[in-house]
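>>> predicted coordinates and the sequence they were generated for:
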Amino acid sequence: MKNHVILFAILYVSSCFSAHGAMRVLFVNPSTAGDPFWHKVETFAVQAAGDLDINLDIVYGDGHREFQHRAIARYLATHPAPDYAVLINYPGGSGQSMQLLEQREVYFVTLEETLSQQERELVQKPGKRFHYWLAELSHDNQHAGQQLASFLHNKAVEQGIESPLVAAIGGHYGGETNLRVNGLRDFLADHQGQLVQVVHGRWQQEVARQQTAKLLRRYPELSIIWCASDAMALAAAQQAQQHGKVVNKDMFIGGFDWLADSLSAIADGRQTASVGGHFLMGAWALVKAYDHRFSVSKSSTQEVRFKLAIAHQGNVKRILPLVDPDNWQQIDFKSYTRTHNSTLDEYPFDLQSILNQHF
């Protein structure tokens, strides 16, 4: 068994927050402190917390539902219950962590659509089975999968590959991967191209690298590798290059997350595209909790969707400033709340509009 059966860490952010009367929020990072994507989610959540005068505690789930559940339980056993919590539901947990928060009467917002249909039927919708479940913040994973498939397919066709062979590298088995892959399938159902195989890389680069090598041996004419994350896309691109493939000429590779390394790879022509913008979802969850705290959104929708965008060589230089937290210093997250912006009919969590307005 791993030495760190429970990886538990708490980052208490207090240097720039008001000490009196501030709301307290537990942010549950489902991964580790060094995870490239979730560190970015955490960084923007910390920045939003500063703007909203929120005292933010952070625990880490170490990439597994049991570790995450134990981290939350340990925190609740050693700290006063927070006012709110932000977390994802790991597939297979059947709402285990939500039950724990419900018992302590802690309001919570969940991120992403990670559960299978069977589990979703069990936990129901926010506010139904779990009365302290305020909202689920997510983007349309199926549409995002379709976006990426469309872009990669179009690039292949531009290079004269009329009916490309496509392989998909998903993450874990479960809702998020399934929805993204379903978007890929939907696109290919209406366009020329063949999905030859779907494998699961478990969000790990080394696994994706090994699987790419096997796919290229099995399907020498493979021309598109669709990946459920940028980390896996980077590994796939490196492996494809070792097999003599040239990205954006006879091989087209894309992922999700807008990782800095992937955006650089897109600029350099080593990766074709990336769908992203969900690094802001922790910040958006704090906005939602903040409005609930001040009675602004208690009757508003409990399922909040935000739109993603696709980065490619034509726009990546414009997107790079957006993913740098330092460039958000001039933007106050209060302006995205209904508490401080009564003219908002819907939450403006649209990356393209933010890009147009501020960057």
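Looks like it arrived, so ask away.
>>> from now on I want contacts and neighbour counts done on CA atoms only, so please keep to that.
Fine.
>>> in the helix or strand where Gln357 lies, what counts as buried?
Using DSSP states H and E, Gln357 falls within helix 351-358. Neighbour counts using 16 or more other CA atoms under 10 Å place Leu351 of helix 351-358 among the buried residues.
>>> what comes into contact with it?
277, 307-309, 319, 322 (CA atoms under 8 Å, 6 or more residues apart in numbering).
>>> name the helices or strands packed onto the helix or strand Leu286 falls within?
When elements are assigned from DSSP H and E, Leu286 belongs to helix 281-293. Counting contacts by 3 or more CA pairs under 8 Å, 6 or more residues apart in numbering; DSSP states H and E, helix 281-293 packs against helix 36-51, strand 84-88, strand 107-111, strand 133-139.
>>> just the CA trace of it, in PDB.
The C-alpha trace of helix 281-293 is given here as PDB (Å, rounded to 0.1, in the frame of the first residue of the first chain):
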ATOM      1  CA  MET A 281     -14.800  26.400 -12.700                       C
ATOM      2  CA  GLY A 282     -13.600  26.600  -9.100                       C
ATOM      3  CA  ALA A 283     -13.800  30.400  -9.300                       C
ATOM      4  CA  TRP A 284     -17.300  30.200 -10.800                       C
ATOM      5  CA  ALA A 285     -18.400  27.800  -8.000                       C
ATOM      6  CA  LEU A 286     -17.300  30.400  -5.400                       C
ATOM      7  CA  VAL A 287     -19.300  33.000  -7.300                       C
ATOM      8  CA  LYS A 288     -22.400  30.800  -7.000                       C
ATOM      9  CA  ALA A 289     -21.800  30.100  -3.300                       C
ATOM     10  CA  TYR A 290     -21.200  33.800  -2.700                       C
ATOM     11  CA  ASP A 291     -24.600  34.800  -4.300                       C
ATOM     12  CA  HIS A 292     -26.300  32.100  -2.200                       C
ATOM     13  CA  ARG A 293     -24.700  33.500   0.900                       C
END
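>>> which SSE is immediately downstream of that helix?
By DSSP H and E, the next helix or strand past helix 281-293 is strand 303-306.
>>> partner strands of that next one, with direction?
Strand 303-306 has the following sheet partners, assigned by DSSP bridges: strand 133-139 (parallel).
>>> okay, the angle between the partner strand and strand 107-111?
Put simply, strand 133-139 runs at 20 degrees to strand 107-111, going by axes from the mean of the first three to the mean of the last three CA atoms, to 10 degrees.
>>> distance from strand 133-139 to the middle of the chain?
13 Å (CA atoms, centre = their mean, to the nearest Å).
>>> other SSEs contacting the next helix or strand after that strand?
Sequence-wise, the next helix or strand downstream of strand 133-139 (DSSP H and E) is helix 141-158. Packing partners of helix 141-158 (3+ CA pairs under 8 Å, 6+ apart): helix 175-189, strand 222-227, strand 252-256, strand 273-276.
>>> please name every helix or strand in contact with the helix or strand that the second one is followed by.
Going back to what we said before, that points to strand 222-227. Once strand 222-227 ends, the next helix or strand along the chain (criterion: DSSP H and E) is helix 230-242. Secondary-structure packing of helix 230-242 (3+ CA pairs under 8 Å, 6+ apart): helix 205-218, strand 222-227, strand 252-256, helix 260-268.
>>> in helix 230-242, what counts as buried?
230-240.
>>> and the angle from it to helix 205-218?
Going by the same axes, to 10 degrees, helix 230-242 makes 40 degrees with helix 205-218.
>>> compute the inter-axis angle for helix 230-242 and helix 260-268.
Going by the same axes, to 10 degrees, helix 230-242 makes 50 degrees with helix 260-268.
>>> hmm, who's touching helix 230-242?
Helix 230-242 has contacts (CA under 8 Å, 6+ apart) with 169, 201, 203-206, 208-209, 212-213, 216, 225-227, 246-247, 251, 253-259, 262, 270-271, 274.
>>> ok, back up a step: quick one: which of the helices and strands packed on helix 281-293 is nearest Lys155?
Lys155 lies closest, by CA to CA, to one member of those: strand 133-139, at 24.5 Å.
>>> average pLDDT across the closest one?
The average pLDDT for strand 133-139 rounds to 90.
>>> what does stretch 308-324 give?
Rounded mean pLDDT across stretch 308-324 is 92.
>>> where does pLDDT dip in the stretch 51-200 of the chain?
The model of the stretch 51-200 of the chain has pLDDT under 70 over residues 94, 116.
>>> same thing but 80
Filtered on pLDDT under 80, the stretch 51-200 of the chain yields the residue ranges 91-94, 113-120, 173-176.
>>> re earlier: what's the most buried one of the helices and strands packed on helix 141-158?
strand 252-256 (a mean of 29; mean count of other CA atoms under 10 Å).
>>> show me what it packs onto, helices and strands only.
With 3+ CA pairs under 8 Å, 6+ apart as the test, strand 252-256 has helix 141-158, strand 222-227, helix 230-242, strand 273-276 packed against it.
>>> can you redo the buried residues of helix 230-242 as JSON lines with pLDDT and distance to Gln118?
Output for the buried residues of helix 230-242, formatted as JSON lines (pLDDT from 0 to 100; distance: CA to CA, whole Å):
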{"residue": "Asp230", "pLDDT": "97", "distance to Gln118": "28"}
{"residue": "Ala231", "pLDDT": "95", "distance to Gln118": "29"}
{"residue": "Met232", "pLDDT": "97", "distance to Gln118": "27"}
{"residue": "Ala233", "pLDDT": "98", "distance to Gln118": "29"}
{"residue": "Leu234", "pLDDT": "98", "distance to Gln118": "33"}
{"residue": "Ala235", "pLDDT": "98", "distance to Gln118": "32"}
{"residue": "Ala236", "pLDDT": "98", "distance to Gln118": "32"}
{"residue": "Ala237", "pLDDT": "98", "distance to Gln118": "35"}
{"residue": "Gln238", "pLDDT": "97", "distance to Gln118": "37"}
{"residue": "Gln239", "pLDDT": "98", "distance to Gln118": "36"}
{"residue": "Ala240", "pLDDT": "97", "distance to Gln118": "37"}
